[in-house]
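[1] with the sequence up front, the predicted model follows.
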Amino acid sequence: MGFSAGWFADRPGRIRSNIFEGYAMHAKIFFTILLGWLFVCGNAAAYKINPLQNKYRQDSRTILRKASEPIHEEVTQLARACQQANAGPVLAALVCNDRSTPSKEPGGNKYDSLIRGVWWNDDPNQLLFALRQAEFAAWMDDAKRIAVTGVNWKGRKATIGPDYNMTYRGHYGDLQFIHAMASEDGEPAQVTQQNILDWAEFAFAVATGRLDPETKMNQAGPTRLQEYFEQQSGWTVNYLFAPKYRLKNAQYTRNMAAGSLLHMVQDSYAAAHSRRDFGATARCPAGRVVQFYSYINQSPELHADEDGRIAWQTGEFTGAQDPVNVSATLLAHIQQKTDWTTVRDYLRDIVFCVDDDVQDAGPGEFAAVRAMENSK
């Protein structure tokens with residue numbers, strides 16, 4: 001694939017483009033991409049780019065294999081197996097005791113639209129499907145620079161807003177809630193929780209077929225969510241989930257939305273995304289979120305450590321608060337087309353419950369300054 005429009009804009013992540021940049025700028029961009037490709041494995045590892053892992057086969061052994069660990073994929077496959085083994089009305093949240101046989105697509109993850117949906121939150125612009133990993137890494141570096149310093153890669157003042165590409169917005173901007181995180185430090189937890197619930201309502205409506213995938217994004221889902229896409233009035237739900245590539249599968253967009261919902265929920269159980277307390281309170285008998293984190297002032301390296309396999313395997317969960325169990329329960333609700341209010345109450349009062357002791361957002365113990373101190 002060629003350069004995206006963003007590379008020729010004043011800001012690489014901006015949607016609008018200006019293709020009349022000078023030759024020197026084109027050369028600079030070319031060498032940026034070249035150097036980025038040479039170091040892509042290191043950069044990708046820092047950001048835990050899950051789509052690089054097992055992209056085409058379950059047993060892929062490409063050079064990019066080490067770039068990330070397939071945690072979301074494994075959790076989703078186990079959850080799907082659990083849901084398939086417990087078909088029927090959802091009378092209670094599922095508890096998945098048998099985790100020995102994940103449910104995999106025979107052709108590999110490339111042909112699994114649910115897994116591709118799980119990838120989407122990390123790679124909404126689908127840069128990682130056509131050897132554009134260097135571009136992804138460059139975008140992420142620029143996004144962090146803007147978020148932390150207010151200056152873009154060209155040294156110009158910039159703020160990540162609705163006119164930026166989804167990759168910028170999802171990792172360092174106003175859409176961090178698709179990772180169960182706050183959009184900025186100091187954001188009240190109730191705001192983050194509501195943003196998460198709004199995305200869940202939208203994704204659930206798409207996944208159950210209640211929302212036509214040809215609906216325009218500025219008319220889709222709760223009104224609060226529509227406001228995030230006012231500048232993308234021409235986008236449909238189909239385009240949102242497949243701006244470049246899609247499978248020839250009638251259920252593709254529905255499965256993509258389901259995967260996106262699972263990704264958000266699974267992220268919330270990673271220690272660098274939120275801090276939880278599983279102790280019971282009157283309002284939150286199954287435990288609660290004590291603080292949602294924001295990625296902006298976190299160290300990508302410290303954050304990535306908590307997104308790895310070891311962190312997930314050693315994490316302490318409960319039957320009600322477990323990423324596999326919750327993912328399986330949501331898949332069951334999608335399969336049964338449960339009424340949204342039931343699912344909303346489950347997410348609000350169990351999975352993302354907050355109480356009076358909840359704190360405003362911050363970087364937590366994963367602040368970039370801590371990483372600098374540790375490196376001394």
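    Structure received. Numbering: from 1, shown residues only.
[2] Leu211: what's its closest spatial neighbour, skipping adjacent residues?
    Leaving aside its chain neighbours, Leu211 sits nearest to Ala205 (3.9 Å; criterion: C-beta to C-beta, 6 or more residues apart in numbering). Quick note: C-beta positions are derived from backbone N, CA and C, even for glycine.
[3] relative to Glu214, how far out is the one you found?
    Look at Ala205 and Glu214: by C-beta to C-beta, to the nearest Å, they are 14 Å apart.
[4] ok, His179 next?
    Using C-beta to C-beta, His179 is found at 27 Å from Glu214.
[5] for the residue nearest to Leu211, give its distance to Val343.
    10 Å.
[6] with Gly161 instead?
    31 Å.
[7] likewise Ala134?
    Distance, Ala134 to Val343, using C-beta to C-beta: 39 Å.
[8] what about Ala189, neighbour count?
    21 (other C-beta atoms under 10 Å).
[9] tell me if I'm right that it and Gln359 touch.
    Yes: with contact defined as C-beta atoms under 8 Å, Ala189 counts as touching Gln359 (6.8 Å).
[10] C-terminal to the helix or strand hosting Leu197, what's the next element?
    Taking DSSP states H and E as the criterion, Leu197 maps to helix 189-207. For helix 189-207, the succeeding helix or strand toward the C-terminus, using DSSP H and E, is helix 223-226.
[11] dump the residue contacts of Ala182.
    Gln176, Ala189, Val191, Thr192, Phe292, Tyr293, Ser294, Ala361 (C-beta atoms under 8 Å, 6 or more residues apart in numbering).
[12] same question, Thr208
    Arg254, Ile334, Lys337.
[13] out of the residues you listed, which are buried?
    Arg254, Ile334 (16 or more other C-beta atoms under 10 Å).
[14] so, low pLDDT: which residues of the stretch 51-200 of the chain?
    51-68, 130 (pLDDT under 70).
[15] give the buried residues for stretch 133-143.
    In stretch 133-143, counting by 16+ other C-beta under 10 Å, buried: Gln133, Ala134, Glu135, Phe136, Ala137, Ala138, Trp139, Met140, Asp141, Asp142, Ala143.
[16] right, I mislabeled it, should have said stretch 341-352
    Val343, Tyr346, Leu347, Arg348, Ile350, Val351, Phe352.
[17] closest to the centroid, which residue in this structure?
    Nearest to the geometric centre of the chain sits Asn121, at 3.0 Å (C-alpha atoms, centre = their mean).
[18] I'd say that one and Phe177 touch.
    No: checked against C-beta under 8 Å, the pair Asn121 and Phe177 is beyond contact range at 10.2 Å.
[19] any common contacting residues for the two?
    Common neighbours of Asn121 and Phe177 (C-beta under 8 Å, 6+ apart) are Met264.
[20] Trp139 - nearest residue in space that isn't next to it in sequence?
    Thr167 (5.3 Å).
[21] shouldn't that neighbour be in contact with Asn121?
    No: look at Thr167 against Asn121 with C-beta under 8 Å: they stay out of range, at 10.3 Å.
[22] follow-up on the earlier one: please say which of Ala205 and Glu214 ends up with more neighbours.
    For Ala205 versus Glu214, neighbours defined as other C-beta under 10 Å are more numerous around Ala205 (20 against 10).
[23] what's the end-to-end length of stretch 142-155?
    This stretch, stretch 142-155, spans 10 Å end to end (C-alpha to C-alpha, to the nearest Å).
[24] same check on stretch 216-231?
    With C-alpha to C-alpha, one end of stretch 216-231 sits 11 Å from the other.
[25] from the chain's centre, how far out does stretch 241-251 sit?
    18 Å (C-alpha atoms, centre = their mean, to the nearest Å).
[26] same thing with stretch 189-202?
    On C-alpha atoms, centre = their mean, the centre of stretch 189-202 falls 14 Å from the chain's centre.
[27] do the same with stretch 133-151
    For stretch 133-151, the distance to the chain centre is 17 Å (C-alpha atoms, centre = their mean).
[28] same question for stretch 179-189.
    14 Å.
[29] and what of stretch 90-101?
    24 Å.
[30] now that stretch: buried residues?
    Within stretch 90-101, judged by 16+ other C-beta under 10 Å, the buried ones are Val90, Ala93, Leu94, Cys96.
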